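[1] I'd like to go over a predicted model; first the sequence, then the structure.
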Amino acid sequence: MGISVRNLHKHYGTFRALDDVSVEVPDGSLTALLGPSGSGKSTLLRAIAGLEEPDSGEIVIGGELATGLPPQRRNVGFVFQHYAAFKHMTVRDNVGFGLRIRKRPKAEIRQRVDELLHLVQLDGFAERYPAQLSGGQRQRMALARALAVEPRVLLLDEPFGALDARVREELRDWLRRLHDEVHVTTVLVTHDQEEAMEVASRIVVMNHGRIEQVGTPAELYEHPATEFVMSFVGKVNRIGDAYIRPHEVVICHPDQEGCIPAVVERVITLGFDNRMELYLPDGERVWAQLTRDEVAQLQPVAGQTVGVDLSQSRRPGWEPGGYMSPRPAPAGVAAGAAATVIPMRAGEDDAQSWRARVGGR
């Protein structure tokens, strides 16, 4: 079932939680609401669930106007960050609770619960209590409970926020595979960019109660519609009023045209990807993303002077332009000479860079 939100407004006193929000969630999609704290993403999710009443606007679920319906009549599954498990009930009883409330036959409840426990990989845990489960297992139990009543849509409010990093990573992969199996329309609230880009097929970026941009992860990263999206989605350096992605920072010889001398502050090893932090002559700091092979080739050390080519930087308004070198090109270097000593990505087609695409619009 698809979801349509039309011109939604919600105020708390003088605070605008939702400011004329309109968005479409396609049937069967996994859509993420992404934004910083206070952006309105959880308020929007709760309004869809019927847990918050909007001041104005419409919410349509599966073609049916749901704005005035109570939560129990919207047939949505809701998963909170902190599980909301019944501590005195077993896993089986927690998962089957909604079905018992609906007075389904016992045999049907048992069969449905067994199917869901298998689906969420909790076979053998049916008779345990929530306190006997790990955090990841409790969250999978909560998802099974939400799916038990066969909701039209599944709403997840920061479901992995209380878990440690490794468990979050495992559950993100699991949720994506689960969605591919059940195909229920799902809306996920998160402030974690990596989580949104890894799990969701569509992302709604929110800020100050308004929608900044809607698109696929690639569209948001490669074609940001606003300065906020550019600065919020993905890793980015800000240099004055310009932005540049770390993988677009090219390390070059400091005497080549277009290169700016920079001093290596430190190199952080993160496995295959490595982070080189540098500072420029004017005191600005920038960091470059390098592969293990690139670091082995360059062998950077703290205090070393290298060159950086920042010509792929992007300015607000998205006109082509970059960070200009604070000094003229050195004598003896031909105009237009290639600045690259270490290519940031072997085989990458520079003509497909963000700046080239923007310049060609």
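    In hand now; what should we look at?

[2] any residues touching stretch 1-19, and which ones?
    20-27, 40, 43-44, 47-48, 52, 54-63, 152-153, 185, 187, 208-210 (C-beta atoms under 8 Å, 6 or more residues apart in numbering). C-beta coordinates here come from the backbone N, C-alpha and C atoms, glycine included.

[3] got a quick ChimeraX command for the buried subset of those residues?
    Here is the ChimeraX command that selects the buried residues among the contacts of stretch 1-19 (16 or more other C-beta atoms under 10 Å):
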select :21,23,25,40,43,44,47,48,52,54,57,59,60,61,152,153,185,187,209,210
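
[4] from the contacts of stretch 1-19, which ones fall inside strands?
    Using DSSP state E, the subset of those located in strands is 20-25, 56-61, 153, 185, 187, 210.

[5] farthest-apart pair in those, please.
    The most widely separated members of the ones in strands among the contacts of stretch 1-19, counting by C-beta to C-beta, are Ser56 and Thr185 (24.2 Å).

[6] who's in contact with Arg145?
    Contacts of Arg145 by C-beta under 8 Å, 6+ apart are 94-95, 97-98.

[7] ok, 10 Å please
    In this structure, Arg145 makes contact with 77, 79, 83-86, 91, 93-99, 113, 116, 120, judged by C-beta atoms under 10 Å, 6 or more residues apart in numbering.

[8] beta partners of the closest residue in space to Val286 that isn't next to it in sequence?
    Spatial nearest neighbour of Val286, chain neighbours left out: Asn237 (4.7 Å); criterion: C-beta to C-beta, 6 or more residues apart in numbering. Beta bridges link Asn237 to Ile244, judged by DSSP bridges.

[9] quick one: average pLDDT of the host helix or strand of Gly136?
    Element membership for Gly136 (DSSP states H and E) is helix 135-148. The average of the pLDDT scores along helix 135-148 is 86.

[10] pull the distance from that helix to the chain's centre.
    Relative to its parent chain, helix 135-148 has a centroid offset of 21 Å by C-alpha atoms, centre = their mean, to the nearest Å.

[11] same for the lengthiest helix in the chain, what does it pack against?
    What stands out as the longest helix in the chain, according to DSSP state H, is helix 165-182. Using 3 or more C-beta pairs under 10 Å, 6 or more residues apart in numbering; DSSP states H and E as the contact test, the elements touching helix 165-182 are strand 30-34, helix 106-119, helix 135-148, strand 153-157, strand 185-190, helix 193-199.

[12] of all the ones you listed, which lies closest to Gly283?
    Of these, nearest to Gly283 by C-beta to C-beta is helix 193-199, at 27.6 Å.

[13] buried set for the closest one?
    So for helix 193-199, counting by 16+ other C-beta under 10 Å, buried means 193, 195-197, 199.

[14] with stretch 298-313 instead?
    Going by 16+ other C-beta under 10 Å, stretch 298-313 has these buried residues: 298, 300, 306-313.
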